[in-house]
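Chemist: Provide a 3D model corresponding to the input given below.
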Amino acid sequence: MKNQEMEAFVQAYFRGKNHAWLTGDPEHLFEWHRSHEDLIFREIPAHHKLCQARNMRTKKTSTDVAIVAFDWDEKRELATVEVAERIQWIYRDGANYEDEARIYRHVLEITPYHGNWQIIRCRTQVEGKHHSQSAEMIENSLGNGGSEDENQEFLKQNRTRKHLYDRMQVMKYAEKWWDRFNPGYRKFEVDCTNFVSQCIHAGRAPMVHMGNRSKGWWYQHGGGANDNWSYSWSVANSLRWFLGGNGHWHATIVEDPRELKIGDVICYDWDGDGHFTHNTVIVAFDVYNRPLVNAHTVESHRRYWEYRDSYAWTENTKYLFFQLPDQF
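Modeler: Numbering: from 1, shown residues only. Got it, this is the predicted structure:
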C-alpha cells in the first residue's frame with residue numbers, strides 16, 4: 001500500500017516540477033517540500049535565466065519518472081525513494097527549434113504530513129565538483145605524459161599512419177550513448193571523463209602509451225573486472241593535462257568557444273582553483289554558433305556549454321576549450 005501511495009505522490013510532484021521547468025517559477029513546489037533550501041529552487045530559475053540570456057523560448061517540457069528503489073522505515077515513518085528523472089525541453093531558437101534532455105538521479109526522503117506526504121530531503125547527483133584523496137594522489141604523481149624521446153617516437157609513428165579525426169563518428173557515438181552506458185567499458189560513479197574518452201576514441205583518436213596508468217591515454221579491454229585504463233581516460237583533471245600538456249596530439253586551447261568544432265572538448269573548473277572536475281564533448285551548435293554538448297554523470301543531451309544552471313556552477317567557474325587536431 002505504501003508503495004502505491006508513494007508512487008502517486010512522486011508522480012504528482014514531478015508533474016508539478018515539469019510545469020516549473022516550463023515557467024521558470026518553482027514556488028508552487030513549496031507545498032511538496034519541507035525545506036525551501038533544496039537546490040531545485042535555485043536550479044529552475046537559473047535554467048530559465050540562462051534561456052532568456054540565450055534568447056531562447058521554452059515551448060514545451062516533458063518529464064518521465066522511474067522509481068528505482070523504495071524503502072519504508074516503519075519506526076521512523078520515513079520513506080526513502082530513489083528516482084530517475086528524465087526531462088526534455090523544446091526551445092524556439094529564432095526560426096528554429098532545438099531540443100535538450102537530461103537525466104537526474106534523486107534520493108527523496110519523504111514523511112507523512114497533514115494526511116498527505118512531504119519531502120524533507122532531496123539528494124541529487126551532480127557533476128563532479130571535488131577531488132577525492134585518491135584522485136589528488138593520482139594527479140600529483142603524473143608527469144608530462146612521457147619523455148621527449150617517447151613523444152617524438154609517437155609523433156613519428158602517427159605521421160606515417162595519418163589518423164584522421166572523424167568528428168561525425170564522435171557525434172554519432174555521443175548521441176547513441178548519452179543516456180546510457182556502453183557495456184563494453186567500465187561504468188564509473190563520476191563518468192563524465194570516461195564518456196568523453198569513449199567519444200573521441202570513437203572518432204579514431206589513437207590511444208597512447210598503453211600499459212602505464214600514469215602516462216598517455218588508453219583503455220585496455222581485459223574482460224569486465226580485468227579491464228585497465230590510464231588515469232587520463234577517467235579522471236577529469238588528468239585528461240585536461242593530457243590534452244594540454246604532453247605534446248602527443250597537439251590539442252590547441254582557444255579563447256572563444258565559437259572557434260570549436262564537433263568532437264572538441266570543454267573542461268570545467270567549478271571553483272576556479274586550477275582543478276578541472278568535469279568534461280564535455282561538443283555535438284552541435286545553436287544559431288549563434290555557440291556549442292551544445294553531451295555529457296555523463298548528469299547525463300546531458302545538447303546542453304548549452306556554459307552549465308550556468310548546474311548545481312556545481314559558481315561565479316568562479318573557469319573553462320578550457322580544447323580544439324582537437326583533424327589529423328593525428
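
Chemist: did I read that right, Ile119 in a strand?
Modeler: Yes. Counting by DSSP: H, G, I helix; E, B strand; the rest coil, Ile119 is found in a strand.

Chemist: Which pLDDT value goes with it?
Modeler: Ile119 carries a pLDDT value of 94.

Chemist: OK, contacts around it?
Modeler: Residues counted as contacts of Ile119 (CB atoms under 8 Å, 6 or more residues apart in numbering) are 13, 32-34, 38, 108-110. All C-beta spots, glycine's among them, are computed from the backbone N, C-alpha and C.

Chemist: Asn316 contacts Gly272, correct?
Modeler: Yes. Here Asn316 reaches Gly272: they are 3.3 Å apart, a contact under CB atoms under 8 Å.

Chemist: coming back round to it: point out the ones among the contacts of Ile119 that are inside strands.
Modeler: 108-110 (DSSP state E).

Chemist: So which other helices or strands are in contact with the longest helix belonging to the chain?
Modeler: Scanning the chain for the helix with the most residues, using DSSP state H, yields helix 2-23. Under the contact criterion of 3 or more CB pairs under 8 Å, 6 or more residues apart in numbering; DSSP states H and E, helix 2-23 touches helix 40-53, strand 57-73, strand 78-93, strand 96-113, strand 116-124.

Chemist: Redo those as TSV? Include distance to Ile266.
Modeler: Listed next are those as TSV, based on distance: least, CB to CB, whole Å:
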stretch	distance to Ile266
helix 40-53	16
strand 57-73	23
strand 78-93	20
strand 96-113	16
strand 116-124	22
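
Chemist: With respect to Thr280, which of the ones you listed lies nearest?
Modeler: Nearest to Thr280, of all the helices and strands packed on helix 2-23, is strand 96-113, at 12.3 Å by CB to CB.

Chemist: partners of the closest one in the sheet?
Modeler: strand 78-93 (antiparallel), strand 116-124 (antiparallel), strand 299-304 (antiparallel) (DSSP bridges).

Chemist: Of these, which stretch is the most buried?
Modeler: Ranked by mean neighbour count, the strands paired with strand 96-113 are led by strand 299-304 with a mean of 23 (mean count of other CB atoms under 10 Å).

Chemist: Need the contact partners of the helix or strand that it is followed by.
Modeler: Using DSSP states H and E, the helix or strand that follows strand 299-304 in sequence is strand 318-323. By CB under 8 Å, 6+ apart, the surrounding residues in contact with strand 318-323 are 240, 243-244, 251-257, 259-261, 264-269, 272, 276, 305.

Chemist: buried subset of those residues?
Modeler: 240, 243-244, 251, 257, 260, 264-269, 276, 305 (16 or more other CB atoms under 10 Å).
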